[in-house]
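*Asks:* sequence and predicted model, in that order:
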Amino acid sequence: MMGSLSKVGLVCALLLVVSGCKIDPITQGMVNEDAFIKQKNQSLFLKVAGNIGSRKLVLIVHGGPGGNSLDYRDSMIKAVLEPNVAVGYWDQRFGGNSQGNAGASGIEDYREDLLTVVKFLRTKYGEDLKIYLMGHSWGGFLTPYFLGHADNQQWISGWIQVDGAHNYPLNDSLTEDGLAKRAAIEIAANRHVDHWKEVLDYCNAHNVSDGYEVSVKMNGYAHEAEALMDSVFAPSESYHREPSSAYRNNTNNQLITALLRVDSPTYDTDPDVYLGRIQVPALLLWGRFDFVCPPPLCDDLNGKIGSQDKTIQFFEHSGHSPMMNEPTLFWESVLDWVIKH
C-alpha cells in the first residue's frame, strides 16, 4: 500500500521525533514534502507544500469524518495560498491516504492525532513556525474540540472555521428547520416541486432527535438542497484535484468511518464546556446557502468562543464549501487574514 505513493516514505525523521531527537529545521523557500506519521496503529498522511519561508502554515482539518485533505489542493489554493504561506494537508485516521484500518476511533484519539501532527510540524520546520488551523465541516467540530482542551492552543496562532459543525445536536435541528422552510418557499415558487415535497414530507414525519439514521438522511437532503439554489455558484473545473494527488484508500476509509460511526459521540459532547476557553484569533467563514451546517451555527459560535479577535465573512454564492463555489474570493480572504495575523 505504501509503495502506491511515489513521493511518500515513512521517513527516518519521524522515528527521531518519537525518540525525542531534534531534526534540523527547514525554514527557507518552497517545500513539497510528503510523510506518514505513526500514531496508534495508523499511519497518518501529511503533505506540506508552499512557502515555508513565510514561517506561517495553514493546517487543513478536513471534513467527513472519512474525508481527505488533498481534495482541497486545487489550482486556486496552489495559485493563491501556497506561493505566500505553507499549507499542511493532513489526512485523519481512517481518512484519505492515511493507512491502517485498526486502532482507536474515538473523538479523543482524533484530538490526540492533531496534537501529534502540530508538534511534528514545529519540530521539523522550526519552533517559530506559526500554525493556523482550518477546520471544515466535521473538521469544524474537531478544531474547537482540540483548541478548548488542556493547553493545546499554546501551539496555535489562529483558527479558521469554515462551515463547521461545532455543535452536532444544534446543527441537526437547524438543518431540519432550514430544509422545511426552504421547501415551503420552493414549492410556492413552483421550483423542483417533487423533490421539495419529498423533503418536506420527511421533515414533517421525522425529527433529528429520533436517531442517527434520521440525521444522516437530513444531511443527504441538505447536500442536495444547495445544488438546487440558483444563487449558488457551481464548482469550477479548476477545483478538481490534479491526477497526481489521487489516492486509493479513500473509498475504503469512508466506508470504515461510516461503519464505526466515528462522529456519533459528538452528540454527547457539550461544546459550551470548552468554547469559552478558546482565545486564539478566529476567522469564521460561511456559505450563505449552507443547509448542512447552516449559518446560525456561525452566530452561535461567535457568541460563545472567548476570542477577542474575531472576523466573520459570509459568501453570498456558496453552500457548504465556499472554497469550491467561490474559490478566488475564499482563498484570498484566508490569505489576507493569515498575513495580518
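*Replies:* Everything's here; your move. Bear in mind that the values here come from a model prediction, so they are computed numbers and not experimental data.

*Asks:* every contact and neighbour count from this point should use C-alpha atoms.
*Replies:* OK.

*Asks:* what residue ranges in the stretch 201-341 of the chain score low on pLDDT?
*Replies:* Screening the stretch 201-341 of the chain residue by residue with the criterion pLDDT under 70, one finds the ranges 236-251.

*Asks:* where exactly do the helices run in it?
*Replies:* If DSSP state H, counting those that start in this stretch is used as the criterion, the helices of the stretch 201-341 of the chain fall at 212-227, 250-260, 296-304, 322-325, 327-340.

*Asks:* highest mean neighbour count out of those?
*Replies:* The densest packing among the helices of the stretch 201-341 of the chain, expressed as mean neighbour count by mean count of other C-alpha atoms under 10 Å, is seen in helix 322-325 with a mean of 24.

*Asks:* run through the neighbouring helices and strands of that helix.
*Replies:* The criterion is 3 or more C-alpha pairs under 8 Å, 6 or more residues apart in numbering; DSSP states H and E, and the helices and strands that helix 322-325 contacts are helix 327-340.

*Asks:* output the contacting helices and strands for the helix it packs on.
*Replies:* Using 3+ C-alpha pairs under 8 Å, 6+ apart as the test, helix 327-340 ends up in contact with helix 75-80, helix 322-325.

*Asks:* and of these, who's closest to residue 91?
*Replies:* Among the helices and strands packed on helix 327-340, the nearest to residue 91 by C-alpha to C-alpha is helix 75-80 (17.2 Å).

*Asks:* send me that closest one as CSV with only the CA atoms.
*Replies:* The C-alpha atoms that make up helix 75-80 are tabulated as CSV, following Å, rounded to 0.1, in the frame of the first residue of the first chain:
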residue,chain,number,x,y,z
SER,A,75,-5.4,25.1,-8.8
MET,A,76,-6.7,28.0,-6.7
ILE,A,77,-5.1,27.1,-3.4
LYS,A,78,-1.8,26.5,-5.3
ALA,A,79,-2.0,29.8,-7.1
VAL,A,80,-3.2,32.0,-4.1
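
*Asks:* can you give me the buried ones in that helix?
*Replies:* For helix 75-80, the buried set under the neighbour-count rule, 16 or more other C-alpha atoms under 10 Å, comprises 76, 77, 78, 80.

*Asks:* contacts only, for residue 102.
*Replies:* Residue 102 sits next to 41, 42 when contact means C-alpha atoms under 8 Å, 6 or more residues apart in numbering.

*Asks:* mind checking the SS state of residue 89?
*Replies:* Applying DSSP: H, G, I helix; E, B strand; the rest coil to residue 89 yields a three-state assignment of strand.

*Asks:* show me where the stretch 51-200 of the chain dips below the pLDDT cut-off.
*Replies:* Of all residues in the stretch 51-200 of the chain, those with pLDDT under 70 make up the ranges 101.

*Asks:* without its sequence neighbours, what residue ends up closest to residue 311?
*Replies:* residue 283 (4.8 Å; C-alpha to C-alpha, 6 or more residues apart in numbering).

*Asks:* list the residues that contact the one you found.
*Replies:* Going by C-alpha under 8 Å, 6+ apart, the list of residues near residue 283 reads 159, 160, 161, 310, 311, 312, 313, 337.

*Asks:* any chance of those in JSON lines, plus distance to residue 331?
*Replies:* Listed next are the contacts of residue 283 as JSON lines, based on distance: C-alpha to C-alpha, whole Å:
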{"residue": "159", "distance to residue 331": "15"}
{"residue": "160", "distance to residue 331": "12"}
{"residue": "161", "distance to residue 331": "13"}
{"residue": "310", "distance to residue 331": "18"}
{"residue": "311", "distance to residue 331": "15"}
{"residue": "312", "distance to residue 331": "15"}
{"residue": "313", "distance to residue 331": "12"}
{"residue": "337", "distance to residue 331": "10"}
